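K.L.:
heads up, no residue letters with this:
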Ligand SMILES: Nc1ncnc2c1ncn2[C@@H]1O[C@H](COP(=O)(O)OP(=O)(O)O)[C@@H](O)[C@H]1O
Ligand SMILES: [Mg+2]
């Protein structure tokens, strides 16, 4: 299997290399400027789609990793969607029948509510009390397929990393990390325990709804939770403005609460995972990608936020250095601190409503790149979780005040 897939990928990549060489010849012949970087940025999403399997999904994950990849490549990859055909009703039925689960559920709609690379979601109900349930069914053999595709991706990544245009980019690390995140999402036992914890965090909230896990029905391949009918996207134009605004404000506060209060963060609050229930409550789904912060990272993050608010560039620089994975031996501390101070001063001068997490983070990562500093996973994922949700929020309400909403949470975290 792996060998056939490898050959298949090898042929497609070989074909792309020939296309690249021809494109270069064409451009040299006609004196046009073509850089390898710009060529990659344009062609990468198409190549990922052509390769299928884990490739579009790895591309999607990389699109959010502005800390590792240049913005032009992230932007190009962000258009990727995982287009997969839903499993046939007979296959889904076979998967459900394999388990004793089938004796406890009824009225399963074999047309999925949603279907993606890793899983698809069906609606059904419990036999004992007729409560409606959502069945998230893992695609058959998906873990093995993704693992072999990720191995192949990392194999080709070694060669891409050697290209002169890629020298300044940690290609191998980026691919390894994206692969780990992707394969982690096939671990339904972990997702189930994450969902249970997330549900408990918001169980007393009147504004946020996280589906309750039906733990007694879950299996390693099927996650069973409460079904929430009538979900609408935040971008749905039919959703009244005031409801969307309220839900988005609740979303920002929930995210800050997860970061500063709980240290347990949903890192994937994109429009498919953050929806609105018919009663206006914000619904948070998909606990497949959560990050646990240790206490010291949570405190450092709070201090980092505070230093931005007080325009204290040298403290911010110090925190970034202290929380980095490792510092290069030849780091010019003074130059690094100056660059961060300059950035913080500029950001501090903005009106709060003009502050964009994305712009700030893009510049922060660019400075880190320039000085060869990479943040720890926890620190980086926390920043990225904000970036993902800002994308969702600002699409509908560009003036949502991210900075101001953070203040009470930061203060509470530091006071504690
Ligand atoms: N508990 C639920 N109730 C209603 N719809 C759900 C539920 N869980 C998932 N869905 C629907 O299925 C989609 C995909 O679910 P999700 O858990 O995000 O899967 P994936 O990991 O493939 O992204 C969601 O965007 C939502 O439309
Ligand atoms: Mg999802």
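P.N.:
Here it is on my side, so go on. Quick caveat: nothing in here was measured; it's all calculated off a predicted structure. Residues are numbered from 1 along each chain as shown. Ligands and ions are numbered 1, 2, ... in the order given.

K.L.:
Residue nearest the middle of this structure, spatially speaking?
P.N.:
Nearest to the mean C-alpha position of the chain, by Cα atoms, centre = their mean, lies residue 268 at 4.2 Å.

K.L.:
Surely that one and residue 389 touch.
P.N.:
No. Here residue 268 does not reach residue 389: they are 9.6 Å apart, not a contact under Cβ atoms under 8 Å. All C-beta atoms are positioned from the backbone trio N, CA, C, and that covers glycine.

K.L.:
any idea whether residue 381 is helix, strand or coil?
P.N.:
Using DSSP: H, G, I helix; E, B strand; the rest coil, the structure places residue 381 in helix.

K.L.:
So it is in contact with residue 265, correct?
P.N.:
Yes. With contacts counted by Cβ under 8 Å, residue 381 reaches residue 265, the gap being 7.1 Å.

K.L.:
tell me, what's touching these two both at once?
P.N.:
Shared contacts of residue 381 and residue 265, defined by Cβ atoms under 8 Å, 6 or more residues apart in numbering, comprise residue 291.

K.L.:
secondary structure class for residue 228?
P.N.:
coil.

K.L.:
pLDDT of stretch 114-133, averaged?
P.N.:
Average pLDDT, stretch 114-133: 94.

K.L.:
just stretch 365-373 next, same as before
P.N.:
Mean predicted confidence for stretch 365-373 is 89.

K.L.:
Mind listing residues that contact it?
P.N.:
66-67, 168, 320-321, 324, 327-328, 331-332, 335-336, 339-340, 343, 374-375.

K.L.:
What pLDDT is listed against residue 28?
P.N.:
Value for residue 28, per-residue pLDDT: 68.

K.L.:
who in the stretch 201-350 of the chain is up against ligand 2?
P.N.:
Applying Cβ under 5 Å from the ion, we find that the stretch 201-350 of the chain lies next to ligand 2 at 272, 273, 286.

K.L.:
Look up how far ligand 1 lies from the last one.
P.N.:
Spelled out, it's residue 286. To ligand 1, residue 286 is 3 Å away according to Cβ to the nearest ligand atom, to the nearest Å.

K.L.:
Please apply the same query to residue 113.
P.N.:
5 Å.

K.L.:
burial count for the residue of the chain found nearest ligand 2?
P.N.:
At 3.7 Å from ligand 2, residue 286 is the closest residue in the chain, using Cβ to the ion. By other Cβ atoms under 10 Å, the residues close to residue 286 number 23.

K.L.:
That one touches residue 273, doesn't it?
P.N.:
Yes. Assessed by Cβ under 8 Å, residue 286 is found in contact with residue 273 at 4.3 Å.

K.L.:
Between those two, which contacts overlap?
P.N.:
With Cβ under 8 Å, 6+ apart, residue 286 and residue 273 have no common neighbours.

K.L.:
From what I see, residue 255 and residue 262 are in contact.
P.N.:
No. In this structure, residue 255 is not within contact of residue 262 by Cβ under 8 Å, at 10.6 Å.

K.L.:
These two: which has the busier surroundings?
P.N.:
Between residue 255 and residue 262, counted using other Cβ under 10 Å, the more crowded position is residue 255 (27 against 14).

K.L.:
So what's the residue count around residue 184?
P.N.:
Neighbours of residue 184 (other Cβ under 10 Å): 13.

K.L.:
From ligand 1, how far off is it?
P.N.:
Distance from residue 184 to ligand 1, by Cβ to the nearest ligand atom: 11 Å.

K.L.:
I'd say that residue and residue 287 touch.
P.N.:
No. Using Cβ under 8 Å, residue 184 is not in contact with residue 287; the gap is 11.6 Å.

K.L.:
Which of the helices or strands spans residue 175?
P.N.:
Counting by DSSP states H and E, the element that carries residue 175 is helix 171-184.

K.L.:
swap that for residue 239, please
P.N.:
Using DSSP H and E, no helix or strand contains residue 239.

K.L.:
where exactly do the strands run in the stretch 1-150 of the chain?
P.N.:
With DSSP state E, counting those that start in this stretch as the criterion, the stretch 1-150 of the chain has strands at 105-106, 114-115, 119-126, 132-138.

K.L.:
which residues of the stretch 201-350 of the chain score low on pLDDT?
P.N.:
Across the stretch 201-350 of the chain, residues meeting the criterion (pLDDT under 70) sit at 349.

K.L.:
So which residues on it come close to ligand 1?
P.N.:
211, 225, 226, 227, 228, 231, 272, 273, 285, 286, 288 (Cβ under 6 Å from any ligand atom).

K.L.:
Give me the phi and psi angles of the second one.
P.N.:
With angles defined as degrees, to the nearest 10, residue 225 sits at phi -140, psi 170.

K.L.:
list the contacts for it?
P.N.:
Residues in contact with residue 225 (Cβ under 8 Å, 6+ apart) are 133, 134, 136, 195, 211, 212, 213, 214.

K.L.:
Tell me the one of the residues you listed nearest residue 86?
P.N.:
residue 136 (13.3 Å; Cβ to Cβ).

K.L.:
show me the contacts for the closest one.
P.N.:
With Cβ under 8 Å, 6+ apart, residue 136 has these contacts: 119, 120, 121, 188, 222, 223, 224, 225.

K.L.:
May I ask which of the residues you listed has the most neighbours?
P.N.:
residue 223 (27 neighbours).

K.L.:
What is the distance between stretch 174-189 and the centre of its chain?
P.N.:
11 Å (Cα atoms, centre = their mean, to the nearest Å).

K.L.:
ok, back up a step: would you turn the residues of the stretch 201-350 of the chain next to ligand 2 into CSV with distance to residue 91 and secondary structure?
P.N.:
As requested, those are exported to CSV (distance: Cβ to Cβ, whole Å; DSSP: H, G, I helix; E, B strand; the rest coil):
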residue, distance to residue 91, secondary structure
272, 23, coil
273, 25, coil
286, 22, coil
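
K.L.:
quick one: contacts for residue 84?
P.N.:
So residue 84 contacts 115, 116, 117 (Cβ under 8 Å, 6+ apart).

K.L.:
and the last one, how many neighbours?
P.N.:
A total of 22 residues lie near residue 117 under the criterion other Cβ under 10 Å.
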